[in-house]
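Q: how would this look folded up:
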Amino acid sequence: MKINYYEKSRIFSIETENTGYYIAIVDSENFIGHIHYGKKINPEDNLPSLLRIYELPLVPSKNNRERLAFYDSFQWEYPCGGTGDFRESCLNVDNKRNQSAVQLSYVSHEIISGKPKLKGLPSTWGSKEDSLTLIIHAKDSVLNLKVDLLYSIFNGIDAIARSAYIKNEGTSAVNLTKAYSACLDMDNRNFDMISLNGGWARERHIERNPLFHGKSRVCSLRGETSHQQNNFIALAEHNADNDSGDAYGMSLVYSGNFIAQAELTQFESVRTVIGMHSEGFSWHLEPGEDFTVPEAALVYSDKGLNCMSQRFHDLWRQHLIQGKFKDTERPILINNWEATYFNFDTDKLLDIAKEAKKDGIEMLVMDDGWFGHRNNDDSSLGDWTVNEAKIKGGLKNLVDKINNIGMKFGIWFEPEMISPDSELYKSHPDWAIKVQDRTASLCRCQYVLDLSRKEVCDYAYESVAKILRSANIEYVKWDMNRQLSDLGSAELPAERSGELSHRYVLGLYSMQERLIKEFPNLLLENCSGGGARFDAGMLYYSPQIWCSDDTDAIERLEIQEGTALVYPLSSMGAHVSVCPNHTCGRNTPFRTRGFTALAGTFGYELDITKLSEEEKKIIPEQISMYKKYNKLIRTGDYYRLNSYSKNKEYDSWQVISKDKKEALITMVQVMSRANYHSYKIYAKALESNTIYNIQMEDSEGNSTDLGTWTGSTLCNAGLIIPRIKGDFHSQLIHISALHEKE
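A: As a prediction, the model looks like this:
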């Protein structure tokens, strides 16, 4: 990795191991232009010519009569609004005259070792030894608005982290009305846009469409990342597939309203932007005040989508996720939600724990319904006191008994919410987000606490922390079951009313930051009605996120495929649940449920006391399987092999260790067909001359030795996998290196 500035040509070169990012300072007005991102090029060539500044309309100093045409066609590094670039801008303002024009010019720069921490925000991190950062200092001299553009790279990681820092150095207030995180201007190369869409219980399905002239956009205005869209997009050449072709990915390290957009212009160029959504947003900057823009991560791959995914996975695993569980096996838990819903007490939980312990499960998680007078979802959020009618003898008594059985204990919270039927709401109705003089909208019979207020954050945090201090609690599931609406705060003044959504997210981050610092050994799993907050911002605080409330093994195939396009398998909360599945009613083999959950954190979501003896016998097998393969799945390179979403018949994926000595292929036959032909699966990335041993397990409990094969044959000629009659059967193929071919 290296970052250089070439003073003569005024070129910045940011190079990772396999990619390069190049910026030019242009003209006497010091415009900041984007030259190229992709495979490395020679920074000492005449790179400014790639910006077409030697063509008409040239630059303003040479042809001021066409300044507007220049603004509207130049490849800007961080485009601004109001001066004549009619494409999507990254920075818009209103000043005291209600004027919106802003234009940045280069002033100076720094190249530093290490990675600065972003104030109040999650971000990638790095040491002085393994990371470098370029800071371009820019300014609007009319507004006296300072903008620092930050670019960080990491040793051995082909990704760039981008952010911006904005400071009002003028003498009058300025309102930011838009402040995106990153822009990428480049020529169109017959790009498709890839996004992750869905809804509750069907999150992050991959969608791919050709660009059209105009704006292709995904976004959320729900106060969270959302079930409906994820704050990631990619541009991929139309013929690019899993293993070949160029792809550019952009992912936002943020957990609130966002926009991610690709715009195909009149000149067949593409502007791709990502950042906080500008609708409803404004940020008031008095003289001397500043604002930090959330971080975005950019990845380029010239080897298709699998390579793009691997580069995101490596970045998140090595430079975003932190804490005790960053590089360690997670405990296998059983959650009582689908086992009991609200109908449980100490005795029932102990029964589950005792049976779970027999089968090798390591932790019991007590879900919703343990506090206040909550016997359904109509009450008590905000009243985080133990309901001793259910939890007889108190929480510590229960936790001690669970520990004495030999199991760890975890607990569910929803700290951001407040029920109208709660003591907290009776005392502090103004703590709920709502618009004055309007009837606030309920969702799941709850309101949202105003986390823009410090006293509200302090109360919510202490409510959680007090419980955690009271007993040996080693895991927290932090849930959020509704979107933000009726955006109004009793505390914020009118000129800052547009800050509520972002201040809410900052309040959430402040609470989770306090939590992981006070309880460094705690395993935190974020959740939002399932997967509505599955984003890189939350991964900074919790090494895993509940992937979806739909635990059906077949539904999870598309959900987990889309999630793994950006996020590592180690971050995906995935459990084996009971059948018929509680969400979709499907019946699948117990082992298939286990094989699918193995591509995640692995756990159980069921009443183990009600399982058949046959299913109970499978659980120790599955736990042994998890222990055997967890390190490989947690640290290896992920490859998508086949997609049920495309072929409508079967699904398969592979994880291979970094040293190429071990691989695991999972295959799920979704739709059985009257076809005598076997499947052929092509492995990826094995060493050509290495001899590998192949072992296969299937969903009927059979184990088969498939013999030894060279890596070249497995990758180039494929491996024959027999069909099993019936839907939803599956196979797990373990590939282990023996020796080099003689």
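
Q: any chance you could map the helices in the stretch 201-350 of the chain?
A: Using DSSP state H, counting those that start in this stretch, the helices of the stretch 201-350 of the chain run over residues 304-319, 337-340, 346-358.

Q: go on, the stretch 401-550 of the chain?
A: Using DSSP H, counting those that start in this stretch, the helices of the stretch 401-550 of the chain run over residues 423-427, 454-470, 500-518, 536-539.

Q: now what about the first one, what contacts it?
A: In other words, helix 423-427. Contact partners of helix 423-427, identified using Cβ atoms under 8 Å, 6 or more residues apart in numbering, comprise Gly372, Gly382, Asp383, Ile418, Ser419, Trp431, Ala432, Tyr447, Tyr459. C-beta coordinates here come from the backbone N, C-alpha and C atoms, glycine included.

Q: next structured bit after the longest strand seen in the chain?
A: Secondary structure assigned by DSSP state E gives strand 174-187 as the longest strand of the chain. On the C-terminal side of strand 174-187, the nearest following helix or strand under DSSP states H and E is strand 191-197.

Q: Tell me the buried residues in the longest helix belonging to the chain?
A: Longest helix of the chain, by residue count under DSSP state H: helix 613-635. Neighbour-count burial for helix 613-635, with 16 or more other Cβ atoms under 10 Å as criterion, is recorded at 615, 618-619, 621-623, 625-626, 629-630, 632-635.

Q: Would you mind putting those into CSV with pLDDT and distance to Leu91 alongside?
A: Compiled in CSV, the buried residues of helix 613-635 are given as follows (pLDDT from 0 to 100; distance: Cβ to Cβ, whole Å):
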residue, pLDDT, distance to Leu91
Glu615, 96, 57
Ile618, 97, 56
Ile619, 98, 55
Glu621, 97, 56
Gln622, 97, 51
Ile623, 97, 52
Met625, 97, 51
Tyr626, 97, 48
Tyr629, 98, 47
Asn630, 97, 44
Leu632, 98, 44
Ile633, 98, 41
Arg634, 97, 39
Thr635, 97, 39
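
Q: Could you identify the most distant pair in these?
A: Pairwise distances across those (Cβ to Cβ) peak at 30.2 Å, for the pair Glu615 and Thr635.

Q: low-confidence ranges in the stretch 1-150 of the chain?
A: By pLDDT under 70, the stretch 1-150 of the chain contains no weakly predicted segment.

Q: quick one: the helices in it?
A: With DSSP H, counting those that start in this stretch as the definition, the stretch 1-150 of the chain shows helices at residue ranges 67-71.

Q: if we can go back for a sec, out of the helices of the stretch 401-550 of the chain, which is the most enclosed?
A: Ranked by mean neighbour count, the helices of the stretch 401-550 of the chain are led by helix 536-539 with a mean of 26 (mean count of other Cβ atoms under 10 Å).

Q: Just list what that helix packs against, helices and strands only.
A: The contact analysis (3 or more Cβ pairs under 8 Å, 6 or more residues apart in numbering; DSSP states H and E) places helix 536-539 against strand 247-253.

Q: In terms of secondary structure, what does the strand it packs on contact?
A: Judged by 3+ Cβ pairs under 8 Å, 6+ apart, strand 247-253 is in contact with strand 174-187, strand 229-237, strand 258-264, strand 269-276, strand 290-301, helix 304-319, helix 536-539.

Q: Pull out the buried positions in the first one.
A: Within strand 174-187, the residues that count as buried by 16+ other Cβ under 10 Å are 174-186.

Q: before we move on, the earlier item: just the helices of the stretch 201-350 of the chain: most buried one?
A: Most buried of the helices of the stretch 201-350 of the chain, by mean neighbour count (mean count of other Cβ under 10 Å): helix 304-319, with a mean of 23.

Q: could you give the angle of it to strand 191-197?
A: Orientation check (axes from the mean of the first three to the mean of the last three Cα atoms, to 10 degrees): helix 304-319 against strand 191-197 gives 50 degrees.

Q: any idea how far helix 304-319 is from the chain center?
A: Counting by Cα atoms, centre = their mean, to the nearest Å, helix 304-319 is centred 12 Å from the centre of its parent chain.

Q: okay, it in PDB with CA atoms only?
A: What follows is helix 304-319, C-alpha atoms only, in PDB (Å, rounded to 0.1, in the frame of the first residue of the first chain):
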ATOM      1  CA  GLY A 304     -16.200 -10.700 -10.600                       C
ATOM      2  CA  LEU A 305     -18.600 -10.600  -7.600                       C
ATOM      3  CA  ASN A 306     -16.900 -13.300  -5.500                       C
ATOM      4  CA  CYS A 307     -13.700 -11.300  -5.400                       C
ATOM      5  CA  MET A 308     -15.700  -8.100  -4.500                       C
ATOM      6  CA  SER A 309     -17.400 -10.000  -1.700                       C
ATOM      7  CA  GLN A 310     -14.100 -11.400  -0.300                       C
ATOM      8  CA  ARG A 311     -12.600  -7.900  -0.300                       C
ATOM      9  CA  PHE A 312     -15.500  -6.500   1.700                       C
ATOM     10  CA  HIS A 313     -15.400  -9.500   4.100                       C
ATOM     11  CA  ASP A 314     -11.700  -9.000   4.700                       C
ATOM     12  CA  LEU A 315     -12.100  -5.300   5.400                       C
ATOM     13  CA  TRP A 316     -15.000  -5.800   7.800                       C
ATOM     14  CA  ARG A 317     -13.400  -8.800   9.600                       C
ATOM     15  CA  GLN A 318      -9.900  -7.200  10.000                       C
ATOM     16  CA  HIS A 319     -10.700  -3.400  10.300                       C
END
